[in-house]
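>>> okay, here's the prediction I keep looking at, along with the sequence it came from:
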Amino acid sequence: ETSFAFIVSNKVSKRAVERNLLKRRARGIVRELLPKIKDNYGCLLFFKKEATALSYQELKKIIQEMFTRASIIIS
């Protein structure tokens, strides 16, 4: 079974609202991509400060590209 963890530190944003928004968006993106993701992976997603300025679509594009480069997504 594939599992995911989303890490957003206080350095990214001091506001819990912003950190939780990033995690919620990432969870939603991963949920959308789950049918394409290979089994038996453990993934940690760390977010940088710049991620707070991204829209949902921009974040989705970055995560999708990252998974593709890591060969986690089935083409």
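Here it is on my side, so go on.
>>> give me the below-cutoff pLDDT ranges for this protein.
Along the chain, the model assigns pLDDT under 70 to residues 75.
>>> got the contact list for the helix ranked longest in it?
Among the segments of the chain that qualify as a helix by DSSP state H, the longest is helix 16-33. Contacting residues not belonging to helix 16-33 are listed as 4, 6, 8-10, 12-13, 37, 45, 47, 51-52, 56, 59-60, 63-64, 67, 73 [Cβ atoms under 8 Å, 6 or more residues apart in numbering]. (Glycine included, C-beta is placed from N, CA and C.)
>>> go again with 10 Å.
Contacts of helix 16-33 with the rest of the structure, by Cβ atoms under 10 Å, 6 or more residues apart in numbering, involve 2, 4-10, 12-13, 15, 37, 43, 45, 47, 51-52, 54-57, 59-64, 67, 72-73.
>>> may I see the buried residues of stretch 37-49?
When neighbours are counted by 16 or more other Cβ atoms under 10 Å, the buried residues of stretch 37-49 are found to be 43, 45, 47.
>>> need these in TSV with distance to R31 and secondary structure, can you?
Listed next are the buried residues of stretch 37-49 as TSV, based on distance: Cβ to Cβ, whole Å; DSSP: H, G, I helix; E, B strand; the rest coil:
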residue	distance to R31	secondary structure
C43	13	strand
L45	13	strand
F47	17	coil
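>>> please report the distance of the most far-flung residue of the chain relative to its centre from L54.
Of all residues in the chain, the one whose C-alpha sits farthest from the chain's mean C-alpha position, using Cα atoms, centre = their mean, is K14 at 19.3 Å. K14 is 18 Å from L54, where distance means Cβ to Cβ, to the nearest Å.
>>> what does L45 give?
As it turns out, when the distance is counted by Cβ to Cβ, L45 lies 13 Å from L54.
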